[in-house]
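# only geometry, no sequence info:
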C-alpha cells in the first residue's frame, strides 16, 4: 500500500496559464484534482475505476496526464458515465499487431467489450492526434471520437468507415446521439471564447492546410458569417452558423455560403460582391465545428485582438513596422486623455482599432450613463460610435479587422476607412465625404478654400495612435510637410530638404494637423525621437506646435515578440495660438513588465482573479491626480457633463 501524503499543488508548475491551458474544464473539476508526494516525486490521483496513480512532476507526459485525468473526471461527474466502464491506456489492435498503440481513454458499452467513446488526449497546443484517433475508430468501430488538448475539444461521430461528422457536445450517459444532434443551439447556449488564437491555429493546421486557399481570407469570412449570425438571428432561434445533423458536406457548405452572402450584402464596405467562401467541401464540417459553440460578441477584446494580430501577421504587416498596441497601453492612454461624449476621436494608423474600441467603451461607461445625453441606451451607444469615432489605415486587411473588432464590440456602423493618412490627395471620394465634416474652418476665404481642396487641417478633439516605426517616405508627398525641410542652428526652416523622412516622423506632423487647436494626442513613438541628437529638430517642432503634457516610458518587452524597440507614449495638447513658457510636464517610466522576454503576457492572481501584471494603471491614475492639481492647464481631466 502506498503511503500517500496529499498536498496542494500549483498547476502553474505545469501550465504557466492554467485557466487558458485547461479552458474546456469547469473550475470545479480542476479543484477536484488531488496530488500526493512519494519519494520526492509528485503524483496525481486518478479517477477511473481501478486505475493507477500517475506521476505528473518530472515526466514529459505531465501536461497530457493532467488533461486526461480532468477529462476522466468530467466523464464521470458531468456526463454520468459509470466508473467501471471507463478505462485508460487501452491497447488497440490493428490487424495482427497488438499493443502498438494505446487509446488514452475508452468508454465501453454495457458488455464491457465494445468501445463506445474513444478520447485522444494531447498536451496543450499539440494537434497531431486526429489521424491517430480516426485509426482507432476504424480498428474498434467506436462511433464517438474526442480529441482534446485542454484548450479545445473536437467531438466527431463516425457514420461510415470514412465519414465523420461533428457533434456539438458529448452525449450524456442517458442520452443518445440523436438527442445531441437535435439539440437547438440558441444564443444563450454559446460559450465565451477564451482562446480564439489557438482555434485559428487549429483551423489553419487541421482544416485549411493543403486546401490551396488563403487562410486569412477564409477564416475572416467564417468569423464574419458567425458575427452576422450572432447579431441577426433571433436569440431564441437555432443558430444558422452550425453543422446540420445528417446533412452532407455540400449541404453544410451551402448553408454557410448562404449565411456569408447575407452578411456580405449587409457589410458592403468590408467585402466585394465577388467574394465567396472558398473552403473545400471536406473542410466545412471541422471548420464550422470549431467555431459554432463559441460567442464572439461582447467577448474579451484582448482574446479577439490577439487572434486577429496573429492572422494579420501572416501577411507582411510586421515587416512594415506595424504592431498591434497592447491593450494595457491603450487603456493607459484613454484614461489619461479622458475622452468625453461630445468629442470626436481619430486613429490615423488604426490597425485593429484598439484605441477607438477602448475610447468608445470608456465614454459609454463614464459619460453615457448619467449626463446631459440622458440614460445610456444601446441606440445612444451606436449613435456616439457612428458620429464620433474615425479610423484610417493603409493596410486593407487591418481595415477589415478594425471593422470586425468594432462590430464585435457592439458599435454597428463605423467610420473605419482604407486610406493613406499621410496623403489625403489620393483618398477616395467615399473617404473624403466621411472626413469632410471634420475639416477645420478658417476665417480667411482663400485659406479655407485651400483646406477644403487639400484636406490638410482638421478639427478632431483627440488623436490616439501608434504609427508604423519602420520605413521611409520619399516623393512628392513630402512637399506637404515642414519636417521635410532642414533647419539652421536657430531651428529656422531652410530651402534645403532631406532625401527621405522616417514615416513615424511624418505621422507626428500629420497627427497635429488632424487636431483642432486645444485638441490632445497620445502617440506611441520609438525612444530615438526623444533621445537622438539627430532628431532634435523633431522635438523642437513638436514644442513649437503643442504643449507637452507627459512622456511615459514603456518596458522594452511591450511590443515583443515582434520587436524589442524601446518606446514611449507622448501626450500633447495642440497650441491655441499662444506661446507657452515654463510649464510642468508629467514624466513616468514603467518598471513592471507586462510581458516576458518571449512576448508572452504575465498574469498574476488576486482577489478578483487573473489579472495582467503591470504598473500602467498606477501611472495613469498618478497622471490624472497630478493633472487635476493643475486644472487650468488640464481642464480636459475634469468631467464635462
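On my side now, so go ahead. Just so it is clear, the structure is predicted and the values come from calculations on it, not from any experiment.

# What strand or helix carries the residue nearest in space to the middle of the chain?
Nearest to the mean C-alpha position of the chain, by CA atoms, centre = their mean, lies residue 305 at 1.5 Å. Element membership for residue 305, per DSSP states H and E: helix 301-313.

# now stretch 418-438: mean pLDDT?
Here the mean pLDDT over stretch 418-438 is 92, rounded to a whole number.

# ends of it, how far apart?
Using CA to CA, to the nearest Å, one end of stretch 418-438 lies 17 Å from the other.

# Just the buried positions in that stretch, please.
Residues of stretch 418-438 classed as buried: 418-419, 421-424, 427, 431, 434-435, 438 (neighbour count, 16 or more other CB atoms under 10 Å). All C-beta spots, glycine's among them, are computed from the backbone N, C-alpha and C.

# same thing with stretch 528-545?
528-530, 535, 537-539, 541-542, 545.

# And stretch 385-402, by the same measure?
For stretch 385-402, the neighbour count (16+ other CB under 10 Å) marks 385, 388-395, 397-402 as buried.

# which among the residues you listed gets closest to residue 73?
The shortest approach to residue 73 among the buried residues of stretch 385-402 belongs to residue 401, at 38.5 Å (CB to CB).

# For that closest one, give me its contacts.
Contact criterion CB atoms under 8 Å, 6 or more residues apart in numbering gives 220, 308, 311-312, 351-353 as the residues in contact with residue 401.

# Kindly state the pLDDT recorded for the nearest residue to residue 636 once chain neighbours are set aside?
Of all residues not flanking residue 636 in the chain, residue 338 sits nearest, at 5.7 Å (CB to CB, 6 or more residues apart in numbering). pLDDT for residue 338: 94.

# and residue 338, how many neighbours does it have?
Residue crowding around residue 338 was assessed by other CB atoms under 10 Å; the count is 21.

# Could you do residue 78 as well?
By the criterion of other CB under 10 Å, residue 78 has 15 neighbours.

# distance of it from residue 172?
Using CB to CB, to the nearest Å, one gets 8 Å for the distance from residue 78 to residue 172.

# circling back: looking at the buried residues of stretch 528-545, which are in helices?
528-530, 537-539, 541-542, 545 (DSSP state H).

# Mind picking the two most distant members of those?
Spatial extent of these (CB to CB) is set by the pair 528 and 545 at 19.6 Å.

# Quick check: buried residues in stretch 403-422?
In stretch 403-422, counting by 16+ other CB under 10 Å, buried: 403-411, 414-419, 421-422.

# for stretch 358-367, same thing?
358-364, 366-367.

# what's the helix or strand for residue 549?
Element membership of residue 549 [criterion: DSSP H and E] is strand 546-553.

# Give me the three-state assignment for residue 325.
Three-state secondary structure (criterion: DSSP: H, G, I helix; E, B strand; the rest coil) places residue 325 in coil.

# From the chain's centre, how far out is stretch 550-564? Work that out for me.
Relative to its chain's centre, stretch 550-564 lies at 19 Å (CA atoms, centre = their mean, to the nearest Å).

# Touching that stretch from outside, list them.
With CB under 8 Å, 6+ apart, stretch 550-564 has contacts from 313, 318, 321, 323, 326, 329, 332, 336, 469, 524, 527, 530, 565-571, 585-599, 616, 619, 623.

# same check, this time on stretch 68-83
22, 25-26, 29-30, 32-33, 44-49, 54, 86, 88, 104-105, 107, 117, 119, 121, 146, 148, 150, 170-174.

# Closest to residue 380 out of the buried residues of stretch 358-367?
For the buried residues of stretch 358-367, the minimum distance to residue 380 (CB to CB) is 8.7 Å, reached by residue 364.

# As a check, name the ranges of all strands in the stretch 301-450 of the chain.
Counting by DSSP state E, counting those that start in this stretch, the stretch 301-450 of the chain forms strands over residues 345-347, 389-393, 415-418, given from the N-terminal end onward.

# what's the shortest one packed up against?
Which is strand 345-347. helix 354-367, strand 389-393, strand 460-465 (3 or more CB pairs under 8 Å, 6 or more residues apart in numbering; DSSP states H and E).

# Make a markdown table from these and add distance to residue 634 and mean pLDDT to it.
Putting those into a markdown table (distance: least, CB to CB, whole Å; pLDDT from 0 to 100) gives the following:
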| stretch | distance to residue 634 | mean pLDDT |
| --- | --- | --- |
| helix 354-367 | 17 | 87 |
| strand 389-393 | 24 | 93 |
| strand 460-465 | 14 | 97 |
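
# Relative to residue 246, which of these is closest?
Comparing the helices and strands packed on strand 345-347 by CB to CB, helix 354-367 comes nearest, at 40.4 Å.

# about what we covered before: okay, now the sheet partners of the helix or strand just after the strand holding residue 549, with direction.
Beyond strand 546-553 in the direction of the C-terminus, DSSP H and E gives the next helix or strand as strand 567-574. When pairs are called by DSSP bridges, strand 567-574 turns out to pair with strand 515-526 (antiparallel), strand 546-553 (antiparallel).

# Same list, those, but as a markdown table with distance to residue 190, mean pLDDT and mean neighbour count please.
What follows is those, written out as a markdown table (distance: least, CB to CB, whole Å; pLDDT from 0 to 100; neighbours: other CB atoms under 10 Å):
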| stretch | distance to residue 190 | mean pLDDT | mean neighbour count |
| --- | --- | --- | --- |
| strand 515-526 | 35 | 95 | 22 |
| strand 546-553 | 38 | 95 | 20 |
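
# Would you reformat these as a markdown table and include distance to residue 489?
Shown next, in a markdown table, are the strands paired with strand 567-574 (distance: least, CB to CB, whole Å):
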| stretch | distance to residue 489 |
| --- | --- |
| strand 515-526 | 25 |
| strand 546-553 | 23 |
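
# and of the ones you listed, who's closest to residue 241?
Closest of these to residue 241 is strand 515-526, at 36.3 Å (criterion: CB to CB).

# Next, give me the two most distant ones among the buried residues of stretch 385-402.
The distance between the two most remote of the buried residues of stretch 385-402 (CB to CB) is 25.2 Å, for 388 and 397.

# who wins for proximity to residue 254 among the strands paired with strand 567-574?
With CB to CB, the closest approach to residue 254 among the strands paired with strand 567-574 belongs to strand 515-526: 45.6 Å.

# Taking helix 536-545 as reference, get the angle to that closest one.
150 degrees (axes from the mean of the first three to the mean of the last three CA atoms, to 10 degrees).

# Hey, what's the angle from strand 515-526 to strand 460-465? Just curious.
Put simply, strand 515-526 runs at 10 degrees to strand 460-465, going by the same axes, to 10 degrees.

# sorry, back to before: narrow the buried residues of stretch 418-438 to those in helices?
In this view, these that belong to helices under DSSP H are 431, 434-435.

# Please tabulate those residues in TSV, including the columns distance to residue 131.
Putting these into TSV (distance: CB to CB, whole Å) gives the following:
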residue	distance to residue 131
431	49
434	50
435	53
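
# Contact partners for residue 598?
Each residue near residue 598 by CB under 8 Å, 6+ apart is listed here: 560-561.

# Do you know the pLDDT at it?
Looking at residue 598, its pLDDT is 87.

# What helix or strand is it located in?
Residue-wise, residue 598 maps onto no helix or strand under DSSP H and E.

# OK, contacts around residue 305?
Residue 305 makes contact with 324, 327, 352, 354, 405, according to CB under 8 Å, 6+ apart.

# Give me the phi and psi angles of residue 109.
The main-chain torsion angles of residue 109 are listed as degrees, to the nearest 10 and equal phi -70, psi -180.

# and the residue lying closest to it once chain neighbours are set aside, how many neighbours?
Closest residue to residue 109 in three dimensions, ignoring its sequence neighbours and counting by CB to CB, 6+ apart: residue 116, at 4.8 Å. Taking other CB under 10 Å as the criterion, the count of residues near residue 116 is 16.

# Does anything pack onto the helix or strand encompassing residue 116? Which helices or strands?
Secondary-structure element containing residue 116, defined by DSSP H and E: strand 115-121. Judged by 3+ CB pairs under 8 Å, 6+ apart, the packing partners of strand 115-121 are helix 62-77, strand 97-108, helix 130-140, strand 144-148.
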